[in-house]
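# structure for the following, please:
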Amino acid sequence: MFNSRKLVLAHFWLAFIAFLIALILGEWQMYVRSPLHPGLSNPELYYRSVTAHGSAMAYVFPTLVAMGFGYAIVELALKRPLVGLRWAWAGYILIVVGTIVAMVPVAMGLASVLYTFYPPMIGNAFFYIGVVLVVVGSWIWVALMSINLRLWKKDNPGTPIPLPMFANVAGAYLWAWTSVGASLEILFQILPVALGFRNTIDAGLARILFSWTLHAIVYFWLFPAYIAFYTLIPRAIGGRLYSDMMGRVAFVLFLVFSMPIGIHHVFQDPQVGEGFKLLHAIFTGMVSVPTLLTVFTITASVEIAGRLRGGKGLLGWVKALPWKNPMMLAIAFSFIMLGFGGAGGIINMSYKMDFTVHNTQWITGHFHLIFGGAIVIMYFAIAYDLWPHLTGKALDSLRLMRMQLWLWFIGMIVVTFPWHYAGILSIPRRMAYFDYSDPAISPQALSVLITFFGGLLLVASAVLFIIVLARGHLGSQIKLPEFRFSIPVHQPSRVPIALNSFALWLALMIGLTLVNYGFPIAKLMAVEETSVPAIPVGVKR
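Modelled structure (predicted):
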């Protein structure tokens with residue numbers, strides 16, 4: 001049992017409640033778009049729902065999971081109490097307040113601008129203020145991760161930073177830097193208009209600033225999942241981590257290559273030249289390197305577990321794996337969805353092929369398969385693994401846990417595969433409804449209907465997940481052994497300075513970002529008369 005367990009539980013419970021509400025909103029959206037529904041009399045309700053769904057899933061849910069997991073890692077990996085516990089609670093309160101402040105105008109129809117903001121549309125100022133409060137709360141977490149690591153290093157000179165903490169701090173630094181883009185957009189582009197100080201906005205510059213955040217935020221979401229890959233899964237399935245060093249390399253490569261890639265989201269926008277779009281496409285491809293290193297390392301770690309359980313021959317270890325262990329299912333399902341999602345991402349990052357799927361259902365399928373599939377299923381695994389140590393009680397609903405993971409995997413495949421298919425046929429995303437009486441659209445009714453039923457499986461899975469965690473609070477009190485992370489095959493007694501510190505990688509991250517974004521942003525700021533009239537949302541005109 002560790003000192004910050006109530007803090008971690010508070011983060012996790014708020015995260016998963018927000019997740020369940022946002023998921024139900026997403027399923028409602030699939031229903032109203034399906035042929036089962038005659039069409040909304042007020043389509044604006046759909047965009048309220050999309051804004052709430054996206055904002056909760058993008059800003060609140062993963063941020064709280066990363067923060068809660070990060071606080072747990074500080075105490076479990078460094079084996080010392082969290083320094084700054086009161087500040088941690090202050091950050092949590094800021095996120096709670098910010099979420100409420102942002103969601104109230106969304107619910108009132110005053111901020112249906114989606115989580116990507118989409119200037120020149122401008123919503124109620126309190127929506128953006130709420131988002132800023134959430135980000136500021138998360139920055140407190142970033143500062144505490146850095147402070148706790150610095151204090152530990154001062155007391156343990158020359159000792160390798162435990163891999164979980166090394167990865168945790170890398171994720172915190174990535175978030176601190178990537179959130180700067182959206183923060184600049186809100187503070188200097190959007191809020192002056194939302195507060196009435198200006199009535200025009202440079203929409204092109206605002207979109208480029210948001211692209212600074214837009215893709216790297218995905219890797220911030222991904223960091224807790226990858227930490228679980230390296231530091232929880234091998235131990236949970238009875239094996240060893242194949243390589244501690246490989247994990248460190250993967251995490252610093254994510255830190256460097258996650259940032260200078262966001263302009264590939266605006267390939268179809270004219271305000272950035274083709275040269276910089278090509279540069280971002282190249283760096284987007286580089287992000288596959290740490291992913292491939294991870295796939296190799298974790299597959300090797302899983303093979304070790306299988307062979308330790310008696311697996312023989314070329315593939316006999318696969319059969320010997322503990323397939324009834326929910327953690328084994330989680331890693332297998334996550335890798336399958338990561339593979340399909342990553343393959344789809346190759347299309348998005350290609351300057352020419354992106355034309356065929358831009359703003360279609362393909363994009364929706366891709367990022368739901370990566371985030372909702374590969375990443376979220378590992379959030380479930382993190383909670384399952386930590387819950388007994390957070391509550392001091394047994395989490396023994398193994399059958400329900402397996403059922404929950406199977407439902408999530410099947411549901412996510414059923415939802416996202418038809419979206420990819422519809423995207424290839426150029427069906428647009430973010431439409432409130434389709435007129436299925438139109439002969440050009442009617443053939444897509446079946447694929448949209450399939451996604452609705454897949455969404456029902458996802459909702460059922462999420463409800464089961466909440467039930468399993470709630471039952472964990474009511475379980476029998478147990479005496480737990482000391483929590484430990486995965487042990488590598490070869491425990492390094494010494495680690496190269498470059499893989500035991502962040503100065504070099506932070507310099508590269510900042511430098512590459514300035515190279516890849518500096519000129520486009522400076523050029524847009526220097527161009528005169530690029531602002532356009534703002535379009536207020538939710539205001540009767």
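
# contacts, neighbours, all on C-alpha from now
Noted.

# pLDDT value on the spatially most central residue of the chain, please?
In the chain, the residue lying closest to the centroid (Cα atoms, centre = their mean) is W221, at 2.5 Å. W221 is assigned a pLDDT of 97 by the prediction.

# which phi and psi does it have?
phi -60, psi -40 (degrees, to the nearest 10).

# do P492 as well
According to degrees, to the nearest 10, P492 has phi -70, psi 130.

# count the residues that sit near it.
12 (other Cα atoms under 10 Å).

# now it: how far from M245?
Distance from P492 to M245, counting by Cα to Cα, to the nearest Å: 8 Å.

# need the contact list for the residue nearest to L338 when sequence neighbours are not counted.
Of all residues not flanking L338 in the chain, A374 sits nearest, at 5.2 Å (Cα to Cα, 6 or more residues apart in numbering). By Cα atoms under 8 Å, 6 or more residues apart in numbering, A374 lies in contact with F333, S334, F335, I336, M337, L338.

# same question, V131
Y59, G98, T99, A102.

# which SSE is it in?
Using DSSP states H and E, V131 sits within helix 125-155.

# what does the average pLDDT come to for that helix?
For helix 125-155, mean pLDDT rounds to 98.

# could you give me the buried positions within it?
By 16 or more other Cα atoms under 10 Å, the buried positions in helix 125-155 come out as 125-146, 148-149, 152.

# can you map out the helices along the stretch 1-150 of the chain?
With helices called from DSSP state H, counting those that start in this stretch, the stretch 1-150 of the chain shows them at 5-33, 44-55, 61-78, 85-107, 125-155.

# and of the ones you listed, who's closest to F453?
Nearest to F453, of all the helices of the stretch 1-150 of the chain, is helix 5-33, at 8.9 Å by Cα to Cα.

# name the helices or strands packed onto the closest one?
When contacts are defined as 3 or more Cα pairs under 8 Å, 6 or more residues apart in numbering; DSSP states H and E, helix 5-33 sits against helix 44-55, helix 61-78, helix 85-107, helix 376-391, helix 445-474.

# pull out the buried residues from it.
5, 7-9, 11-16, 18-33.

# how about the helices and strands packed on helix 5-33 in JSON lines, adding distance to D354?
Below are the helices and strands packed on helix 5-33 laid out as JSON lines (distance: least, Cα to Cα, whole Å):
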{"stretch": "helix 44-55", "distance to D354": "22"}
{"stretch": "helix 61-78", "distance to D354": "27"}
{"stretch": "helix 85-107", "distance to D354": "31"}
{"stretch": "helix 376-391", "distance to D354": "26"}
{"stretch": "helix 445-474", "distance to D354": "22"}
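
# just say which of those is most tucked in.
helix 61-78 (a mean of 24; mean count of other Cα atoms under 10 Å).

# residue contacts, the closest residue to Y92 other than its chain neighbours?
Spatially, and ignoring its direct neighbours in sequence, Y92 is nearest to G137 (6.3 Å; Cα to Cα, 6+ apart). Shown in contact with G137 (Cα under 8 Å, 6+ apart): A90, G91, Y92, I93, L94, I95.

# which elements pack onto the helix or strand of the chain with the lowest mean pLDDT?
Within the chain, no helix or strand scores below helix 354-357, which has a mean of 87 by mean pLDDT, DSSP states H and E. Judged by 3+ Cα pairs under 8 Å, 6+ apart, the packing partners of helix 354-357 are helix 326-349, helix 398-424.

# could you give me the average pLDDT of the last one?
Mean pLDDT, helix 398-424: 96.

# what does stretch 183-199 give?
Mean per-residue pLDDT for stretch 183-199: 96.

# endpoints of it, how far apart?
Stretch 183-199 has its terminal residues 20 Å apart, counting by Cα to Cα.

# outside of that stretch, which residues touch it?
Stretch 183-199 has contacts (Cα under 8 Å, 6+ apart) with 119, 122-125, 128, 132, 200-202, 206, 209-210, 533-534.

# quick one on the thing from earlier: gap between the residue nearest to Y92 and P38?
For G137 relative to P38 (Cα to Cα), the value is 42 Å.

# could you do K393 as well?
For K393 relative to P38 (Cα to Cα), the value is 48 Å.

# tell me which of the two has more neighbours.
A direct count of neighbours by other Cα under 10 Å for K393 and P38 places K393 higher, at 19 against 13.

# for that one, list the residues it contacts.
With Cα under 8 Å, 6+ apart, K393 has these contacts: W387, G472, H473, L474, G475, S476, Q477, I478.

# let me have those residues in a markdown table, extended by pLDDT and distance to V302.
Formatted as a markdown table, these follow (pLDDT from 0 to 100; distance: Cα to Cα, whole Å):
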| residue | pLDDT | distance to V302 |
| --- | --- | --- |
| W387 | 96 | 23 |
| G472 | 93 | 27 |
| H473 | 92 | 31 |
| L474 | 88 | 33 |
| G475 | 83 | 30 |
| S476 | 83 | 31 |
| Q477 | 88 | 31 |
| I478 | 88 | 28 |
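
# looking at those residues, spot the one nearest Y517.
Closest to Y517 out of the contacts of K393 is W387 (41.7 Å), distances taken as Cα to Cα.

# hmm, G472 and that closest one touching each other?
Yes. Counting by Cα atoms under 8 Å, W387 does reach G472; the two are 7.3 Å apart.

# okay, and the common contacts of those two?
K393, L395.

# report pLDDT for the residue nearest to L338.
For A374, the model assigns a pLDDT of 97.

# circling back: next SSE downstream of the least confident helix or strand of the chain?
helix 361-367.

# highest neighbour count among the contacts of A374?
If you count neighbours using other Cα under 10 Å, the busiest of those is M337, which has 24 neighbours.

# and for L144, nearest residue in space, chain neighbours not counted?
That would be G84: by Cα to Cα, 6+ apart, it lies 6.7 Å from L144.

# number of residues surrounding the one you found?
There are 16 residues near G84, going by other Cα under 10 Å.

# separation between it and T391?
For G84, the distance to T391 - Cα to Cα - is 22 Å.

# same check, this time on V448
For V448, the distance to T391 equals 41 Å [Cα to Cα].

# got it, and G54?
Applying Cα to Cα, the value for G54 to T391 is 30 Å.

# next: T284.
Taking Cα to Cα, one finds T284 at 41 Å from T391.

# likewise for I298?
29 Å.

# same question, F283
Distance of F283 to T391, computed by Cα to Cα: 43 Å.

# same check, this time on S4
For S4 relative to T391 (Cα to Cα), the value is 12 Å.
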